[in-house]
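> Make a model of this:
(chains A and B)
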Amino acid sequence: GIQVEQSPPDLILQEGANSTLRCNFSDSVNNLQWFHQNPWGQLINLFYIPSGTKQNGRLSATTVATERYSLLYISSSQTTDSGAYFCAVVEVKAAGNKLTFGGGTRVLVKP
Amino acid sequence: DAGVTQSPTHLIKTRGQQVTLRCSPKSGHDTVSWYQQALGQGPQFIFQYYEEEERQRGNFPDRFSGHQFPNYSSELNVNALLLGDSALYLCASSFRERQGLFYEQYFGPGTRLTVT
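Below is the predicted model of the structure:
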């Protein structure tokens, strides 16, 4: 199956700082999602991005499918940005599809 | 528009027991997938249901089984619980993939299972 690796595994930021999270995957994928997991465990959809760049407020994401990576940018970080960030790639099989997740980047934003 | 709901929120079971977790998909969605998330790790795919049938399965033993009902809701059953089954169990829903078009999955709040 496809391997998904995220870096860095942990990130400590001062409030207001910018950061870049990276997601590498080992094979061609049909699509990719970025999630934020809050301290209560809820996975919140951030981006659904097979290629190109998308922006949503202070967050943006870029996927370069031909080079098998995606980046998540957090600008002007806030304490509410703390939590784990996961990328997940869509693997398609004959009868269905599934998400394969990376190990995540755990972000702590300090006031 | 109701999102994905799961019940119960928390559950404590004893090794060897059986457990049933429940999931209702987001309104309009017809596909349900289940994931297991161990502490400090990313979620791992268990299986996916569409049209009341298991369509795809991850690397989980037969102790893990499921069901989808005509209203698209789903259950995850785990038999003969092991200590290692302690995890957050996440349900996700989506529209079924059609003609190469994929639809993003939306997750419920999860059920935290503790096996003692």
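
> Around chain A, which positions in chain B sit nearby?
Residues of chain B found near chain A (C-beta under 8 Å from any C-beta of the partner chain) are B:31, B:33, B:35, B:37, B:41-45, B:48, B:50, B:55-56, B:58, B:88, B:90, B:92, B:97, B:100, B:102, B:104-107, B:109-110, B:112. Bear in mind the C-beta positions are built from the backbone N, C-alpha and C, glycine included.

> got a list of what residue 58 touches?
You didn't say which chain, so I picked chain A. A:Ile74, A:Ser75, A:Ser76, A:Ser77, A:Gln78 (C-beta atoms under 8 Å, 6 or more residues apart in numbering or on different chains).

> oops, I was thinking of chain B
Applying C-beta under 8 Å, 6+ apart, the residues near B:Gly58 are A:Lys98, B:Gln44, B:Phe45, B:Ile46, B:Phe47.

> Next one: the spatially closest residue to the last one that is not a sequence neighbour from B:Val78, what distance?
Going back to what we said before, that points to B:Phe47. Excluding the flanking residues, the one nearest B:Phe47 by C-beta to C-beta, 6 or more residues apart in numbering or on different chains is B:Arg57, at 4.5 Å. Look at B:Arg57 and B:Val78: by C-beta to C-beta, to the nearest Å, they are 14 Å apart.

> now swap in B:Phe64 and tell me
On the measure of C-beta to C-beta, B:Phe64 and B:Val78 end up 6 Å apart.

> And the pLDDT for B:Arg96?
Looking at B:Arg96, its pLDDT reads 82.

> ugh, typo on my part, it should be B:Thr9
96.

> and B:Phe64 and B:Val78? which has more neighbours close in?
Between B:Phe64 and B:Val78, counted using other C-beta atoms under 10 Å in any protein chain shown, B:Val78 has the larger neighbour count: 24 against 18.

> how about the strands in chain B?
B:5-7, B:10-13, B:19-24, B:31-37, B:44-50, B:53-57, B:64-68, B:74-78, B:87-94, B:106-107, B:111-115 (DSSP state E).

> weakest of the ones you listed by average pLDDT?
Among the strands of chain B, strand B:53-57 scores lowest, at a mean of 91.

> For whatever helix or strand A:Asn45 lives in, buried residues please.
Here A:Asn45 sits within strand A:43-48, counting by DSSP states H and E. Neighbour-count burial for strand A:43-48, counted by 16 or more other C-beta atoms under 10 Å in any protein chain shown, picks out A:Leu43, A:Leu46, A:Phe47, A:Tyr48.

> how big is the angle separating the lengthiest strand in chain A from strand B:53-57?
Counting residues, the longest strand found in chain A (DSSP E) is strand A:83-92. Following axes from the mean of the first three to the mean of the last three C-alpha atoms, to 10 degrees, one obtains 110 degrees for the angle between strand A:83-92 and strand B:53-57.
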